[in-house]
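Trainee: Generate a structure from the sequence data that follows.
(one chain, ligands or ions: 1)
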Amino acid sequence: MKFSTKAIHVGQEADPTTGATIVPIYQTSTYTQERVGEHKGFDYSRTINPTRVALEKQLASLEGAEYGSAFASGMAATSAVLNLLSSGDHAVVSDDMYGGTYRLFSRVLARYGLRFTYVDMTDLEAVRAAVEPSTKLFWIETPTNPLLKLVDIAAIVGLRKPGQIVAVDNTFATPYFQQPIALGADVVVHSTTKYIGGHSDVVGGVTITNDRTIADTIKFHQNAVGGVPGPLDAWLTMRGAKTLALRMREHARNAQAVAEFLESHDEVARVYYPGLPSHPQHALARRQMSGFGGMVSFVLAGPQERALDFAHRLRFFSLAESLGGVESLICHPARMTHGSIPKEDRERRGVTDGLLRLSVGIEDEDDLIDDLTQALDAVAPASVS
Ligand code: P1T
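Mentor: You can find the predicted model right below:
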């Protein structure tokens, strides 16, 4: 079965009790048992819910894997993967990643005795040098948020020793453009809030793996810790995922056009997009991904303060956190998504006050370029005075 067919059919069988073609929203917390311990496989909705099971099957199939566990948010899914570690264990993690993931690692999990080394994962030697005897996890985000750096998943898998886990946050690429498990990764994480849900109307997360032991441990923690999505959220995410392929093609087409437009504009100093030949890991992007995604970051020429002025002038790009919905968004990472990273660390990693991040939606390309043009014209030095 190919990608789009899986998205529409896996886990989506007609409802066994009524024949409903679309998986129902099983809005129930509990299930009536015939006798103690005798039931239809469902006992309590923190543990298992039919709508959630349908979503988990659908999303696992999209990553070419067997086991999925859906969570209440991307952060809950990330926490579940980190639950595979124990106090004293060490993780090598990307120095550029979603600010909330950094916050979870540095301000929550570090208090429980997990240790993290942040490295530029585009540098394989730096990754190798960061490995310690107690290293249990390589945490990869690729493309990274917000600098869109690419990490060579297969190369990191090549460094993995028995007992170590390679986890990939595949939120930005989506399984449509990148398949980490086929490249040897052990577990994939998504914030399904983004492209998978696709309509900015639901928060969720998922972990996906082919490893039975990892799957069982995550399921155990999912039930023990309890960060599960409600049935309506699972259903909305499942509905969104059915059109993932269609949407990603449009996101990538528009993002390529936007990135090329920005790169050619005098008022723009730097553009980060894996689909541009000027991107430092463009060759890796071509090898590792089948498309370059919908996220574009850039820095305007001139003083950094112009970034916010520019962002406030856009009409179709809403100033908002998050990404991956059909509508275009603009974000100022330093003050918004990555505000939880101390300024010094943030700036050292390139997340400066001048950086802007676009989630390019699937509106008409001409309208998006016109909108960017009018805002660039408005902040150009000649018109600022
Ligand atoms: O927001 P939540 O569903 O909990 O997902 C967290 C998360 C995990 N991984 C990546 C790569 C992410 O980008 C996010 C969330 N990111 C944003 C809200 C943002 O605007 O970047």
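
Trainee: Return the distance of the helix or strand hosting Thr373 from the chain's centre.
Mentor: Assigned by DSSP states H and E, Thr373 belongs to helix 365-379. Offset of helix 365-379 from its chain centre (Cα atoms, centre = their mean, to the nearest Å): 27 Å.

Trainee: for stretch 193-207, same thing?
Mentor: Offset of stretch 193-207 from its chain centre (Cα atoms, centre = their mean): 9 Å.

Trainee: list the buried ones in that stretch?
Mentor: Buried positions in stretch 193-207, judged by neighbour count with 16 or more other Cβ atoms under 10 Å: 193-198, 200, 202-207. C-betas here are computed from N, CA, C, even on glycine.

Trainee: before we move on, the earlier item: what's in contact with the helix holding Thr373?
Mentor: Outside of helix 365-379, the residues within contact range by Cβ atoms under 8 Å, 6 or more residues apart in numbering are 253-254, 257-258, 261-262, 265, 267-268, 300, 306, 309-310, 313-317, 328, 360-361, 383.

Trainee: Buried subset of those residues as a ChimeraX selection?
Mentor: Here is the ChimeraX command that selects only those of the contacts of helix 365-379 that count as buried (16+ other Cβ under 10 Å):
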select :253,254,257,258,261,262,265,267,268,300,306,310,313,314,316,317,328,360,361
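
Trainee: and this structure, which residues reach the ligand?
Mentor: Selection of the chain residues close to the ligand by Cβ under 6 Å from any ligand atom yields 73-75, 98, 100-101, 141, 145, 169, 171-172, 191, 193, 203, 205, 321-323, 331, 337.

Trainee: Pull out the buried members of those residues.
Mentor: Using 16+ other Cβ under 10 Å, the buried ones in the residues of the chain next to the ligand are 73-75, 98, 100-101, 141, 145, 169, 171-172, 191, 193, 203, 205, 322-323, 331, 337.

Trainee: Pick out the residue of the protein closest to the ligand.
Mentor: Here the residue of the chain nearest the ligand is Gly74; by Cβ to the nearest ligand atom that distance is 2.3 Å.

Trainee: isn't that residue right up against Thr171?
Mentor: Yes. Gly74 lies in contact with Thr171 (Cβ atoms under 8 Å); the separation is 6.6 Å.

Trainee: Could you tell me which residues touch both of those two?
Mentor: Common neighbours of Gly74 and Thr171 (Cβ under 8 Å, 6+ apart) are Tyr98, Val189, His190, Ser191, Lys194.

Trainee: Give me the nearest residue to the last one, chain neighbours excluded.
Mentor: Closest residue to Lys194 in three dimensions, ignoring its sequence neighbours and counting by Cβ to Cβ, 6 or more residues apart in numbering: Gly324, at 3.0 Å.

Trainee: Need phi/psi at that neighbour.
Mentor: Dihedral pair for Gly324: phi 90, psi 0, per degrees, to the nearest 10.

Trainee: Cross-check the contact I'm expecting between it and His199.
Mentor: No. Counting by Cβ under 8 Å, His199 is not a contact partner of Gly324; they are 9.2 Å apart.

Trainee: Can you give the domain ranges for this protein?
Mentor: For the chain, automatic domain parsing gives the domain ranges 3-241, 245-383.

Trainee: biggest helix in this protein by residues?
Mentor: Criterion DSSP state H: the longest helix present in the chain is helix 244-263.

Trainee: Name the residues of that helix that come out as buried.
Mentor: By 16+ other Cβ under 10 Å, the buried positions in helix 244-263 come out as 244-245, 247-248, 250-263.

Trainee: Now Val206: which helix or strand?
Mentor: For Val206, the element it lies in under DSSP H and E is strand 205-209.

Trainee: Centre of the chain to that strand, how far?
Mentor: Computed by Cα atoms, centre = their mean, the chain-centroid distance of strand 205-209 equals 11 Å.

Trainee: Can you name every helix or strand that that strand contacts?
Mentor: With contacts defined as 3 or more Cβ pairs under 8 Å, 6 or more residues apart in numbering; DSSP states H and E, the packing partners of strand 205-209 are helix 50-62, strand 67-71, helix 74-82, strand 187-191, helix 212-225.

Trainee: please redo it, this time with the cut-off set to 7 Å
Mentor: Packing contacts for strand 205-209, counted by 3 or more Cβ pairs under 7 Å, 6 or more residues apart in numbering; DSSP states H and E, involve helix 50-62, strand 67-71, helix 74-82, strand 187-191.

Trainee: want to throw these into CSV with mean pLDDT?
Mentor: Converted to CSV, these look like this (pLDDT from 0 to 100):
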stretch, mean pLDDT
helix 50-62, 98
strand 67-71, 98
helix 74-82, 98
strand 187-191, 98
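
Trainee: I'd like these as TSV, with distance to Val157 appended.
Mentor: Formatted as TSV, the helices and strands packed on strand 205-209 follow (distance: least, Cβ to Cβ, whole Å):
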stretch	distance to Val157
helix 50-62	19
strand 67-71	19
helix 74-82	16
strand 187-191	12
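
Trainee: For Asp89, which of these is the nearest?
Mentor: helix 74-82 (9.4 Å; Cβ to Cβ).

Trainee: CA atoms only for the closest one - export them in PDB, please.
Mentor: Provided in PDB are the C-alpha atoms of helix 74-82 (Å, rounded to 0.1, in the frame of the first residue of the first chain):
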ATOM      1  CA  GLY A  74       4.000  16.600  21.200                       C
ATOM      2  CA  MET A  75       5.700  17.300  24.600                       C
ATOM      3  CA  ALA A  76       3.900  14.400  26.200                       C
ATOM      4  CA  ALA A  77       5.100  12.100  23.400                       C
ATOM      5  CA  THR A  78       8.700  13.400  23.900                       C
ATOM      6  CA  SER A  79       8.400  12.800  27.600                       C
ATOM      7  CA  ALA A  80       7.300   9.200  26.900                       C
ATOM      8  CA  VAL A  81      10.500   8.600  24.900                       C
ATOM      9  CA  LEU A  82      12.700  10.200  27.600                       C
END
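
Trainee: No further questions, thank you.
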